[in-house]
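1. give me a model of this one.
(chains A, B, C and D)
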There are 4 protein chains.
Amino acid sequence: MIRVGVVGYGYWGPNIVRNLQGLDSTCVEMVCDKSSSALGRVRKVYPTIATCSDPSEILTSSSIDAVAVITPVWTHYELAKKALENGKHVFVEKPFTSNTEQAQELIELAARKKLKIMVDHTFLFTGAVKKIRELTESGALGDLYYYDSLRVNLGLFQHDVSVIWDLAPHDLSIMDYIIKGEPEAVVATGERHLNGVEDVAFMTIYFPHNVIAHINVNWLSPVKIRTTLIGGQKKMLVWNDLVADEKIRVYDKGVKIASGEGIRDVLVSYRTGDMWAPQVEQLEALHVELGYFADCIKNDQTPFNDGEAGLRIVKMLEAAEASIHKRGELVRL
Amino acid sequence: MIRVGVVGYGYWGPNIVRNLQGLDSTCVEMVCDKSSSALGRVRKVYPTIATCSDPSEILTSSSIDAVAVITPVWTHYELAKKALENGKHVFVEKPFTSNTEQAQELIELAARKKLKIMVDHTFLFTGAVKKIRELTESGALGDLYYYDSLRVNLGLFQHDVSVIWDLAPHDLSIMDYIIKGEPEAVVATGERHLNGVEDVAFMTIYFPHNVIAHINVNWLSPVKIRTTLIGGQKKMLVWNDLVADEKIRVYDKGVKIASGEGIRDVLVSYRTGDMWAPQVEQLEALHVELGYFADCIKNDQTPFNDGEAGLRIVKMLEAAEASIHKRGELVRL
Amino acid sequence: MIRVGVVGYGYWGPNIVRNLQGLDSTCVEMVCDKSSSALGRVRKVYPTIATCSDPSEILTSSSIDAVAVITPVWTHYELAKKALENGKHVFVEKPFTSNTEQAQELIELAARKKLKIMVDHTFLFTGAVKKIRELTESGALGDLYYYDSLRVNLGLFQHDVSVIWDLAPHDLSIMDYIIKGEPEAVVATGERHLNGVEDVAFMTIYFPHNVIAHINVNWLSPVKIRTTLIGGQKKMLVWNDLVADEKIRVYDKGVKIASGEGIRDVLVSYRTGDMWAPQVEQLEALHVELGYFADCIKNDQTPFNDGEAGLRIVKMLEAAEASIHKRGELVRL
Amino acid sequence: MIRVGVVGYGYWGPNIVRNLQGLDSTCVEMVCDKSSSALGRVRKVYPTIATCSDPSEILTSSSIDAVAVITPVWTHYELAKKALENGKHVFVEKPFTSNTEQAQELIELAARKKLKIMVDHTFLFTGAVKKIRELTESGALGDLYYYDSLRVNLGLFQHDVSVIWDLAPHDLSIMDYIIKGEPEAVVATGERHLNGVEDVAFMTIYFPHNVIAHINVNWLSPVKIRTTLIGGQKKMLVWNDLVADEKIRVYDKGVKIASGEGIRDVLVSYRTGDMWAPQVEQLEALHVELGYFADCIKNDQTPFNDGEAGLRIVKMLEAAEASIHKRGELVRL
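-> Below you'll find the predicted structure:
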């Protein structure tokens, strides 16, 4: 039984606690939050879990094996560092850290201490993303052409980070999981309208072999959209995460180019066939992910969503931020 | 009765001819196309319309008042120039010309000859765009935040122009019609996968006062999407051009920012209310546009979609092309 | 070349004429309509087609091989009868006749005269219905459980027939084409709100082996819906005729019942799998149907949508009308 | 504080307990269920709530004010009767009882004992139904024409009741709440395919003044649909309960009939205008309903969803069952 301390009981923390409590391999020993009303909610629902307002109580406790850091991004580094220094495994909410230096330091520290870091890229544990990965890995889609994600809604505004740091980590982690090859460079544009951080932003990420990814994130959309188009040489797919069923639709469609005689004689032919919506696993992603966290600790196995994965995402976020401030200048990774 | 000669009877030409024939104020005298089977189709449906394979027959005919140039973009300049030189008003398919120099020359020539140029920005004559313009002009949306269009489908590949020159003119002309203020700069990214021109591309256009426009065009999408989000301070709207009814949905939603005491204490509050789908005029846009073309000639009135409007779009297309080739470098307008 | 005379150039007639003209095996000799403006429209679009206002000109013409009767249902019998008596094949808009006696008389007359009757059950020639029939015939759906159609919209009100005679023939003809076995009885309910005929109506049709069909037709719906659910033992499908793509969705879903020990111990298990949207032929149904009409005449072949098929639909319409007037009383067929 | 005992902790019971615990005015004293694993779940989540397997413990407890009966319908009467006899208010899951006699007896018993009965017609407490009632009560829709509900999905099969007793109570209770005037008669059809009870069924309910209601319930549908059309003289609405936002769409559409000169000259004109989706209250319906239950007890007020309301629904269910067994025979209420 992995004994976990949870720091942060705001929007996401309750889901972490509920799932850790629901697993056979984990239990929550203590929850920390600055807000006394948050702690009151913990005690009401989980009378057996201890609470505290000072994270040190968790970070230094001898009865805790692992710490879940579910706080604003600018606090991740300090909390995770202290947890690792005190010999605790760390589960950190996305994005991993505020910058690449912090991420690298934590990775090295964990390696030295032989501890696990897992970054909470929850989407990688959804049935939908698993199925997409299965389709790309198996070659069903053929060579990849593009990955294009639209992730917009009204709010939630963060005070300290832009819409890119808030919403794009989801897409970047999925993209990182699905697209082979290292991303080469980032171009980002966006605009601020309200509180001094970008609330509308667009990222292009260049990959080798003409693969291109694009991410559209927006806190000022009247409607919520979570739609990703993925185009391959053999098949194309649309993932709509907001529908209850048929989240993934695979289209047997494509384009063929044959060279004709003259310069302008490139012959284009279209291929259209059936559409197929594979059944997708319905388990709660966070439940699967936290079970995997416990397994990695027990079996001394490095999770695929480890500190390195977290670092790769932070690198792209940093690049996007740099690009956006220079109005779309290409930032090499 | 304005007597029109139509050059080009491929994909769009038949719609031009049908609408010109259906109007009381216009008639088609002659249709020109290189393809004899195209001309055969003309004669079958319209036994009274003359046909020819050499555009000069139309461009120099004394019984023709106006010429509709419905050919590939790289031929627009030569055909329009000759038509104007021969004293004919010109209706040109979008985009106006291949570059800004050509556009400027045609504008000057028309001015000198006191002839009208109309660029076929058909969407500006749809009930949907009229309604959107009405909503922005009246101040119903409040100050504009962003304009974000998704225009993707499978094909139609063009041999000589990229997806930007093919699909983006629609969005650019609508944006030009709706957003007040001159666009300042363009950032574009994209990728080529098949025949040497971009088939996937993304444009950001910066406007004064933090207004930002974004256009996503793609010839390799398995599904057809035509959706535009427009965010304003007071209201936001979604325009889905593919639905039969309720193309435009106006949301009484918004965000308010109030300063709190500390640096991080920016208070964000959301406002959500009813959604409203105004009834939209159902007339065929091309019919309205061609009737307006005839009126402008008769009343010696400058159309709002004149050569200058066409030039503004070509400028942005040129800028996008330059930016895309430099991987997102900002190109000032 | 089958020479056709078309009686009736209202809502549907122009489609008949356009398709007959577009086929190689047919041509329209003459069009008849009481309205002079309708005949003016014929002459404008088809300068070579003769027009008349007295149907006798068509029905007795020696240069006409077949007559298309595209008029209100109460006129079908007289027009078709005279056409058959004059040795002409007959293509009749649905529903075939106003009652079963008329239908039977026409069938006998055509048999005696060795002429063809085809009833315009256009939907049977759509790619969607062909695909559904293929799926049911091949046993892919397994034993059929039910057929349930929702066909509602605002208008078009008919003066002389109820919404059942107007809209249900579509569903009845499809049902007749797809469901094996003779329908046994009909129960219908409905209500009149405006002009003395039912504008909202519901039909249940009982078939052998517990197969049940249900049809919901409504002229007073604010939205247009054309959705049919078909449930089988092995698979189930949803046909939405209003979407451009993926009209038919086949679900690998089902229910299994196993008997448990006690009376109440019936064990129900659900099976859910992938969804699959087969590509559907995109040809214009009326084009295919009229080509088939010409083929049947040329090859002396009995169409499957012959007078007998028309009669079966009229029988069910009559039964529904009788049932509705007795507030749902079962009417055996 | 109303102390509640909950009998039944299967599918719906946990929602009852969670909401009763979440209210300030109520608390759960004891939960009863035959299943020991169900009781284990209760104790895990709510360590302070007592559990038992014999309902008598709850029904006779002196520390319990009210009993929630959340068990199969055939057990409602016995449990509710004993609860009332022991001086407890009763909250009963829908449908109220298995037949009208039981319902009447319970109503009389409660009246004699001056106790409250509330039947759990949860939908009446949703924001959507409240808004629909507001629109009908205010006259915004004008005179009602029809109420047409489609409520289909795969499962959940019940062993002892048909799909009508399972799903139709929702629609009947909403209809009862919205349509003025007593229902006059019922016609129902349906079919059994698996375990001896109807799994597909259709009900028509006749009201005075040509108002007609229709309910389509189906346990064998591959897709889940919850859509209701309501047509009025002035406006029409569509309620889709499965979408997150814009559940209710009000259409400014209608039909006008004017008499012309001749018999057939009834002139029909259509009116189409804007669509409007009013914002709908987002509170959890069950929370609101249980709070109202507590208020009714405290203030000695008769709930509008009392035993009489439950009885009216049971009457229609009984009539539907009788009609379906006689294949659609009209059953007067």
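
2. all contacts plus neighbour counts: C-alpha atoms, from now on.
-> Fine.

3. partner residues bridging residue A:32?
-> residue A:7, residue A:52 (DSSP bridges).

4. for it, what are its contacts?
-> The contact partners of residue A:32, taken as CA atoms under 8 Å, 6 or more residues apart in numbering or on different chains, are A:5-9, A:39, A:51-55, A:58.

5. and the gap between it and residue A:294?
-> To residue A:294, residue A:32 is 20 Å away according to CA to CA, to the nearest Å.

6. what does residue A:20 give?
-> 10 Å.

7. give me the common contacts of these two.
-> residue A:26.

8. count the neighbours of the closest residue to chain C within the stretch 1-150 of chain A for me.
-> Here the residue of the stretch 1-150 of chain A nearest chain C is residue A:131; by CA to the nearest CA that distance is 12.3 Å. Applying other CA atoms under 10 Å in any protein chain shown, we find 16 residues neighbouring residue A:131.

9. return the set of buried residues in stretch A:211-228.
-> Buried residues in stretch A:211-228, counted by 16 or more other CA atoms under 10 Å in any protein chain shown: A:211-225, A:227-228.

10. now, these that are in strands?
-> A:212-218, A:220-225, A:227-228 (DSSP state E).

11. in the residues you listed, find the pair that's most separated.
-> A:212 and A:222 (27.5 Å; CA to CA).

12. quick one: contacts for residue A:181?
-> Residue A:181 touches A:207-208, counting by CA under 8 Å, 6+ apart.

13. and it, which of the three is it?
-> coil (DSSP: H, G, I helix; E, B strand; the rest coil).

14. distance check, it against residue A:209.
-> Counting by CA to CA, the gap from residue A:181 to residue A:209 is 9 Å.

15. one more: residue A:70?
-> Counting by CA to CA - residue A:70 and residue A:209 are separated by 37 Å.

16. tell me which parts of chain A are close to chain D?
-> Selection of chain A residues close to chain D by CA under 8 Å from any CA of the partner chain yields A:45-46.

17. tell me where the longest helix sits in chain A.
-> Assignment by DSSP state H gives helix A:307-325 as the longest helix of chain A.

18. coming back round to it: out of the ones in strands among the buried residues of stretch A:211-228, who's near chain B?
-> Among these, chain B is touched by A:212, A:220-223 when using CA under 8 Å from any CA.

19. that older thread, now the contacts of residue A:32: which count as buried?
-> The buried subset of the contacts of residue A:32 - by 16+ other CA under 10 Å - is A:5-9, A:39, A:51-53, A:55, A:58.

20. that older thread, look at residue A:70 and residue A:209 and report which has more neighbours.
-> residue A:70 (26 against 12).

21. which parts of the stretch 101-250 of chain A are strands?
-> A:117-120, A:144-154, A:185-191, A:200-206, A:212-218, A:220-232, A:236-240, A:248-259 (DSSP state E, counting those that start in this stretch).

22. thinking again about what came up before, tell me the one of the ones next to chain B among the ones in strands among the buried residues of stretch A:211-228 nearest chain C?
-> For those, the nearest to chain C is residue A:223 (21.9 Å; CA to the nearest CA).

23. list the contacts for that closest one?
-> With CA under 8 Å, 6+ apart, residue A:223 has these contacts: A:152-154, B:238.

24. show the buried residues in the residues you listed.
-> Here, 16+ other CA under 10 Å leaves A:152-154, B:238 buried among those.

25. can you give me phi and psi for the nearest residue to residue A:59 once chain neighbours are set aside?
-> Take residue A:59 and drop its neighbours on the chain: the residue closest to it by CA to CA, 6 or more residues apart in numbering or on different chains is residue A:83, 5.0 Å away. With angles defined as degrees, to the nearest 10, residue A:83 sits at phi -60, psi -50.

26. and residue A:83, how many residues sit next to it?
-> Other residues close to residue A:83 by other CA under 10 Å number 25.

27. relative to residue A:3, how far out is it?
-> Taking CA to CA, one finds residue A:83 at 13 Å from residue A:3.

28. anything in contact with each of those two?
-> residue A:66.

29. next, the angle from the helix or strand of chain A with the lowest mean pLDDT to strand A:248-259.
-> None of the helices or strands of chain A scores lower by mean pLDDT, DSSP states H and E than strand A:266-277, at a mean of 83. Per axes from the mean of the first three to the mean of the last three CA atoms, to 10 degrees, the angle that strand A:266-277 makes with strand A:248-259 is 170 degrees.

30. give me the sheet partners of strand A:266-277 and which way each runs.
-> strand A:248-259 (antiparallel), strand C:266-277 (antiparallel).

31. dump those to TSV, plus mean neighbour count.
-> Formatted as TSV, these follow (neighbours: other CA atoms under 10 Å in any protein chain shown):
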stretch	mean neighbour count
strand A:248-259	19
strand C:266-277	16
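
32. what's the neighbour count on residue A:112?
-> Residue A:112 has 11 nearby residues by other CA under 10 Å.

33. for it, what are its contacts?
-> Residue A:112 touches nothing, counting by CA under 8 Å, 6+ apart.

34. report the separation between it and residue A:56.
-> For residue A:112 relative to residue A:56 (CA to CA), the value is 22 Å.

35. ok, now residue A:217?
-> Applying CA to CA to residue A:217 and residue A:56 gives a distance of 36 Å.

36. gap between the two ends of stretch A:214-224?
-> 18 Å.

37. over to stretch A:51-61?
-> With CA to CA, one end of stretch A:51-61 sits 13 Å from the other.

38. residue A:282: what secondary structure?
-> coil.

39. next one: phi and psi at it?
-> Dihedral angles (degrees, to the nearest 10) for residue A:282: phi -100, psi 10.

40. surely it touches residue A:127?
-> Yes. Here residue A:282 reaches residue A:127: they are 6.1 Å apart, a contact under CA atoms under 8 Å.
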